[in-house]
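> Just a sequence and a predicted model for now, questions to come.
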Amino acid sequence: MLVFSDNRKVGAIKDLVVKENGMNKRFAASVEALNHVLADTYLLAVKTQNAHWNIEGDNFIGLHGLLDQQYGELNTAIDVIAERIR
């Protein structure tokens, strides 16, 4: 059994399907999917923060607090997703 530095285990060498750059195809597909999730999450965080900065009206206090919490949580998610890709 092969054990990688990130604790991934492979039963046999034949289980590894390697691309030209040496990256496992399943791993590469996961990275590609996470890159899309990261981009979408970042875009949502920026739009949420923009709404937070430009909120007006009677519900200012409630919406301001809600949007502040949401973009804070989105920024935390961005860090987690980016570290998983790395």
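It's in. Numbering: from 1, shown residues only.
> Going by C-alpha atoms from here, please, whenever you check contacts or count neighbours.
Noted.
> buried residues in stretch 31-46?
The neighbour-count criterion (16 or more other C-alpha atoms under 10 Å) identifies 31, 34, 35, 38, 41, 42, 44, 45 as the buried residues of stretch 31-46.
> and those as TSV, adding pLDDT?
Rendered in TSV, the data for these read as follows (pLDDT from 0 to 100):
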residue	pLDDT
31	83
34	88
35	89
38	91
41	92
42	91
44	92
45	92
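> all strands for this structure, in order.
All strands of the chain, identified by DSSP state E, fall at 2-3, 9-10.
> circling back to that earlier point, narrow the buried residues of stretch 31-46 to those in helices?
31, 34, 35, 38, 41, 42, 44, 45 (DSSP state H).
> How many residues are close by the nearest residue to the first one once chain neighbours are set aside?
Right, residue 31. Leaving aside its chain neighbours, residue 31 sits nearest to residue 85 (5.7 Å; criterion: C-alpha to C-alpha, 6 or more residues apart in numbering). Using other C-alpha atoms under 10 Å, residue 85 has 15 other residues around it.
> didn't residue 85 look like it was pressed against residue 33?
No - with the criterion set as C-alpha atoms under 8 Å, residue 85 and residue 33 do not qualify as a contacting pair; they are 9.6 Å apart.
> quick revisit: measure the residue nearest to residue 31 to residue 40 for me?
When C-alpha to C-alpha, to the nearest Å is the yardstick, residue 85 and residue 40 sit 14 Å from each other.
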